[in-house]
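Chemist: What follows is a predicted structure for the sequence shown.
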Amino acid sequence: MASLEFHVPPEPWARAGWLAYTRSAMPLVGWTVSNEWYRTGRFLARSIAGFVERNPLPVQVRWWQEAGMRRVRTKLLSNGAAVVTWAVKTTPVLGDESEDLAHPDG
């Protein structure tokens, strides 16, 4: 399984650029499209930063592990503005009916 999410750059120089972009450029560009996009641009800056502050990457990795995922890996992209997380599920999900589909006789 893999996931690509927004993230806050850890390096101060990249974070400064990210803050300028998310707090100014995103809402401004959104404003040129519609009021809804403007509000979305304003919301994302606060939402992303708040989520990452409350749930740093090690916490997010732990969630994956607690969900039964193994070999959880992360990689920051775009100077830390995004993070890709990937892992494998090592045990079958209980109640998984996909096996029944493979063996129609039960």
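Modeler: Nice, thanks for sending it over.

Chemist: Can you give the contact residues for the host helix or strand of residue 44?
Modeler: With elements delineated by DSSP states H and E, residue 44 resides in helix 35-54, which encompasses its position. Helix 35-54 is contacted by residues 6, 7, 8, 19, 22, 23, 26, 27, 28, 29, 30, 31 when judged by CB atoms under 8 Å, 6 or more residues apart in numbering. (C-beta placed from N, C-alpha, C; glycine too.)

Chemist: Just give the closest residue to the fourth one, not the sequence neighbours.
Modeler: So the one you mean is residue 19. Counting by CB to CB, 6 or more residues apart in numbering, residue 19 lies nearest to residue 45, which is 7.5 Å off, once chain neighbours are set aside.

Chemist: Tell me where this structure has strands.
Modeler: With DSSP state E applied, the chain shows strands at 2-6, 69-77, 82-89, listed in chain order.

Chemist: any idea how far the longest one is from the chain center?
Modeler: Average the C-alpha atoms of strand 69-77, do the same for its chain, and the two points are 11 Å apart (CA atoms, centre = their mean, to the nearest Å).

Chemist: Can you get me the start-to-end distance on stretch 53-61?
Modeler: Its start and end residues considered, stretch 53-61 measures 14 Å (CA to CA, to the nearest Å).

Chemist: buried set for it?
Modeler: 60, 61 (16 or more other CB atoms under 10 Å).

Chemist: do the same with stretch 60-79
Modeler: Of all the residues in stretch 60-79, those buried under the rule 16+ other CB under 10 Å are 60, 61, 64, 69, 72, 74, 76.

Chemist: Tell me which residues are up against it.
Modeler: Stretch 60-79 is contacted by residues 1, 4, 7, 9-11, 14, 17-18, 57, 82-91 when judged by CB under 8 Å, 6+ apart.

Chemist: right, and residue 85 touches residue 7 too?
Modeler: No: checked against CB atoms under 8 Å, the pair residue 85 and residue 7 is beyond contact range at 10.0 Å.
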